[in-house]
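Enquirer: let me see the structure of the following:
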Amino acid sequence: LFKNPVRSSVTKYIAAEILYYFSGTNKADFIEKYAAMWTKLKDKDNKVNSAYGYLLFNERNEYGYTQYEWVIDSLMKDKDSRQAFMHFNKPRHQFPGNKDQVCTLQALFHIRDNKLYMTLTMRSNDVILGFMTDYTFFTILHQQVYLDLKDWYPELQLGSYTHISHSMHLYANNYELVENMLKHDFEPDAL
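Expert: Presented below is the predicted three-dimensional model:
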């Protein structure tokens, strides 16, 4: 996270988004107070597809697993598992007119040399508006998985986080903003 005289990391929104995701809901009521984009994305039932916390912590598959439980269970059963992954974008999100096509595809967790690594794959990521909030949530998610596995593997260490975006982009309407930001120093910031 950073401070910049033109535009800094939006820490109030980032904190709200982290709370929203960890609440596990897919209702837009709370989060749309912090960013108008959520109001544009919600459906007639006040739900959003990109509610990562709902997708990870509440939605269960036909075998009773949440995506989060699957990762923890996979790595508890087999420290060398190559099956500890979470899906975000689901087949049900693929329909014409979907105004909330989930950007994150999957997260893969694996333990090698007694370190927990996380690799996140996104189909699309806006570098100025979305990346900082995504990065913050996903690195906290990495740490949460690590803490849950630490009880099982006391010697486990936190490994690296890798962020892959197949389209890391900047929208044309933000070119001038970024040009102005680059004229100034960026200072580290923290939540």
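Enquirer: run a quick neighbour tally on the residue lying closest to residue 28 once chain neighbours are set aside.
Expert: In this structure, residue 28 finds its nearest non-sequential neighbour in residue 42, 4.0 Å apart by Cβ to Cβ, 6 or more residues apart in numbering. All C-beta atoms are positioned from the backbone trio N, CA, C, and that covers glycine. Residue neighbour count, defined by other Cβ atoms under 10 Å, stands at 21 for residue 42.
Enquirer: next: residue 187.
Expert: By other Cβ under 10 Å, 11 other residues sit near residue 187.
Enquirer: what residues are up against it?
Expert: The contact partners of residue 187, by Cβ atoms under 8 Å, 6 or more residues apart in numbering, come to 2-4.
Enquirer: the same query, at a cut-off of 7 Å, please.
Expert: Residues near residue 187 by Cβ atoms under 7 Å, 6 or more residues apart in numbering: 2-3.
Enquirer: swap in residue 31?
Expert: Contacts of residue 31 (Cβ under 7 Å, 6+ apart): 16-17, 20, 38.
Enquirer: who wins on neighbours among these?
Expert: residue 20 leads the contacts of residue 31 on contacts (other Cβ under 10 Å) with 25 neighbours.
Enquirer: any weak-confidence spans in this protein?
Expert: 191 (pLDDT under 70).
Enquirer: coming back round to it: closest one of the contacts of residue 31 to residue 180?
Expert: Of all those, residue 17 has the smallest distance to residue 180: 24.8 Å, by Cβ to Cβ.
Enquirer: contact partners for the closest one?
Expert: 31, 133, 137.
Enquirer: same thing but 8 Å
Expert: When contacts are counted by Cβ under 8 Å, 6+ apart, residue 17 touches 31, 34, 133, 136-137.
Enquirer: cool, residue 138 as well?
Expert: Neighbours of residue 138 in contact, by Cβ under 8 Å, 6+ apart: 107, 118, 120, 161, 163.
Enquirer: also residue 139?
Expert: Listed by Cβ under 8 Å, 6+ apart, the contact set of residue 139 reads residue 161.
Enquirer: tell me the one among the contacts of residue 138 nearest to residue 69.
Expert: Distances from residue 69 to the contacts of residue 138, taken by Cβ to Cβ, are shortest for residue 107, at 13.8 Å.
Enquirer: burial of that closest one, as a residue count?
Expert: 25.
Enquirer: my guess is it is in a strand, correct?
Expert: Yes - the assignment for residue 107 is a strand, going by DSSP: H, G, I helix; E, B strand; the rest coil.
Enquirer: list the residues that contact it.
Expert: Counting by Cβ under 8 Å, 6+ apart, residue 107 makes contact with 71, 85-86, 88, 118-121, 138, 141.
Enquirer: determine the longest helix present in this protein.
Expert: In the chain, taking DSSP state H as the definition, the longest helix is helix 131-150.
Enquirer: put the alpha carbons of it into PDB.
Expert: Provided in PDB are the C-alpha atoms of helix 131-150 (Å, rounded to 0.1, in the frame of the first residue of the first chain):
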ATOM      1  CA  PHE A 131      -5.000  -4.500  -7.900                       C
ATOM      2  CA  MET A 132      -4.300  -3.000  -4.500                       C
ATOM      3  CA  THR A 133      -7.500  -4.200  -3.000                       C
ATOM      4  CA  ASP A 134      -7.200  -7.600  -4.600                       C
ATOM      5  CA  TYR A 135      -3.500  -8.000  -3.500                       C
ATOM      6  CA  THR A 136      -4.400  -7.000   0.100                       C
ATOM      7  CA  PHE A 137      -7.200  -9.400   0.500                       C
ATOM      8  CA  PHE A 138      -5.400 -12.300  -1.200                       C
ATOM      9  CA  THR A 139      -2.300 -11.900   0.900                       C
ATOM     10  CA  ILE A 140      -4.400 -11.800   4.000                       C
ATOM     11  CA  LEU A 141      -6.200 -15.000   2.800                       C
ATOM     12  CA  HIS A 142      -2.700 -16.600   2.300                       C
ATOM     13  CA  GLN A 143      -1.900 -15.700   5.900                       C
ATOM     14  CA  GLN A 144      -5.200 -17.100   7.100                       C
ATOM     15  CA  VAL A 145      -4.600 -20.500   5.400                       C
ATOM     16  CA  TYR A 146      -1.100 -20.500   6.900                       C
ATOM     17  CA  LEU A 147      -2.500 -19.900  10.400                       C
ATOM     18  CA  ASP A 148      -5.100 -22.600  10.100                       C
ATOM     19  CA  LEU A 149      -2.400 -25.100   8.900                       C
ATOM     20  CA  LYS A 150       0.200 -24.000  11.500                       C
END
